[in-house]
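Student: this is a predicted model, with the sequence first.
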Amino acid sequence: FLHHMRRRLAVIVSLAPRGRALSSGRGEMLRASAELDASLSRDGTNSLKWSKFDSDVLPMWVADMDVACPEAIQAAVAERAAHGLYGYTTASARLKEAICANARKAWGASEANERWLRFHPGLIAGLYHAARLVGRDGAVVAPVPVYPPFLNAARDCSELIAVPAGDLDELERVLSTATRPLVVLLCNPHNPTGTVWPRSHLERLARLVDRHSAAVAAVCSDEVWSGLVLDDDATPFTSLGQLAFAGGFDALRDRLIVLTSPSKTYNVAALDLAVAIVPNDSLRRKYFRAGRDQAEVTPFGFAAAEQVFCQTDPDAPCADILVPASGPCEPWRRTLLAHLKANRDFAVDYLRTHCEPYLSVPRVPDASYLLWLQTHDLAPFPADKLRDDYRLALSDGTPFFGARRQGEPAFLRLNFGCSRSTLEDGLIRLKAACDDRR
């Protein structure tokens, strides 16, 4: 059996030299487009997304796309798997230098070096590291609604102070009245709303950090969705790293932790790799000590990361750490963006035409493959109703707020990172639920 598997892996590896795409960019784009618009079966893979509910329930909930990752990543992981020895592994010098080179280009951080980096077995570990910086003696300021592990990390390790996402006036009130050290968490692009925070918004945030620097122990920016901005011209992404260095916000730079990962953009969440970039030496030592109990990163995560962060042309530009212009996965990502943008537009138009007033889209997402939906008298517990009566699984919005809010609208999150036929099936089920309320 092992001999047979090694032969199969050798065939895959032989197609793609290390650090290069399997084929020309055009060929990979065509294949990616075909895969995205087909129904990719995940039978027999123990997929969390597809195995959590009964087989007749259509899963459009967890942030996991139904598309194979770039072939360059598949080949790199297969090559590493073929070795057969999977002991403790560290990041290669090539990977560390690639991330630092991208930071030097994208942020203007000329002094970026490998000491700034902390690799994690997934992004959630980074959120817990950040929350532990102040522990029970301080508090963690988190925007709501937000990806639930933000709130979990704050409550498990410190005390949560929830502020409405994007409400800088409320954030300033919290900072100006603080009597204990605070960690401020940011999600940009934002999950679940898909908001790409404008540069002007982030500059105001940076000024607040400068004005209230005595109260702010750290600012942790989760930028994992930065590679899935659906219209770079209309809503350009700005990293807090750019403001800290090119923007000259020194107080922000000394408190900054940037978290990123290939997981969402390249659909490799189960490879469990994220990286924290912490420029300030003192903060970095505290951050490392806060997470000495974390698990190891797998060799397959490191192998995939090299295909994401490393440029084939070292002189090519890099506007964002996660999306180097000459990276071997870039043609695949561009095709993915076109598919996701078309799916987003189709879904928003369909919902506004067929599902109002019981279901509305309060804001069209700038980024990601997630659609944040507001319900209006659809059902007391709409996620349960849709799953039980219409066999459709969406994410319940309650955990994104941290608790059920009496008298407030209920929300749902829909994943449109799927084939068009799957999306249409899900939308038809939503329409049926709304029609039954008319």
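Tutor: Structure's in. What do you need?

Student: quick one, strands of the stretch 201-350 of the chain?
Tutor: With DSSP state E, counting those that start in this stretch as the criterion, the stretch 201-350 of the chain has strands at 216-222, 256-260, 274-277.

Student: nearest to Gly166, out of the ones you listed?
Tutor: strand 216-222 (14.3 Å; C-beta to C-beta). C-beta coordinates here come from the backbone N, C-alpha and C atoms, glycine included.

Student: average pLDDT for the closest one?
Tutor: Strand 216-222 shows an average pLDDT of 98 in the prediction.

Student: show me what that strand packs onto, helices and strands only.
Tutor: When contacts are defined as 3 or more C-beta pairs under 8 Å, 6 or more residues apart in numbering; DSSP states H and E, strand 216-222 sits against helix 123-132, strand 182-187, helix 199-211, helix 240-245, helix 250-255, strand 256-260.

Student: now the first one: average pLDDT?
Tutor: Right, helix 123-132. Mean predicted lDDT for helix 123-132 stands at 97.

Student: picking up where we left off before, with mean neighbour count and distance to Ala347 added, can I get the strands of the stretch 201-350 of the chain in TSV?
Tutor: Shown next, in TSV, are the strands of the stretch 201-350 of the chain (neighbours: other C-beta atoms under 10 Å; distance: least, C-beta to C-beta, whole Å):
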stretch	mean neighbour count	distance to Ala347
strand 216-222	25	24
strand 256-260	27	27
strand 274-277	25	28
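
Student: wait, which of the ones you listed is closest to Gly426?
Tutor: strand 216-222 (26.8 Å).

Student: re earlier: and the strands of the stretch 201-350 of the chain as JSON lines, adding distance to Ser55?
Tutor: Putting these into JSON lines (distance: least, C-beta to C-beta, whole Å) gives the following:
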{"stretch": "strand 216-222", "distance to Ser55": "34"}
{"stretch": "strand 256-260", "distance to Ser55": "35"}
{"stretch": "strand 274-277", "distance to Ser55": "32"}
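
Student: ok so, going back, closest one to Ala270 among the helices and strands packed on strand 216-222?
Tutor: helix 123-132 (12.9 Å).

Student: Glu296: which of the helices and strands packed on strand 216-222 is closest?
Tutor: helix 123-132 (11.1 Å).

Student: strand partners (parallel or antiparallel) of the helix or strand that that closest one is followed by?
Tutor: Following helix 123-132 in sequence order, the next helix or strand is strand 139-144 (DSSP states H and E). Within its sheet, and counting by DSSP bridges, strand 139-144 is paired with strand 160-164 (parallel), strand 182-187 (parallel).

Student: please work out which of those is packed deepest.
Tutor: With neighbours taken as mean count of other C-beta atoms under 10 Å, the strands paired with strand 139-144 reach their highest mean count in strand 182-187, at a mean of 26.

Student: which stretch among the strands of the stretch 201-350 of the chain comes nearest Phe381?
Tutor: Judging the strands of the stretch 201-350 of the chain by C-beta to C-beta, what sits closest to Phe381 is strand 216-222, at 28.5 Å.

Student: centre of the chain versus the closest one, how much separation?
Tutor: Its chain's C-alpha centre and that of strand 216-222 lie 17 Å apart, by C-alpha atoms, centre = their mean, to the nearest Å.

Student: can you give the contact residues for it?
Tutor: Residues outside strand 216-222 that contact it (C-beta atoms under 8 Å, 6 or more residues apart in numbering): 123, 126-127, 130, 133-134, 138, 147, 150, 175, 181-188, 191, 205, 209, 239-241, 251-252, 255-259, 283, 287.

Student: number of nearby residues for Arg173?
Tutor: 12 (other C-beta atoms under 10 Å).

Student: what secondary structure does it sit in?
Tutor: Assigned by DSSP: H, G, I helix; E, B strand; the rest coil, the conformation of Arg173 is helix.
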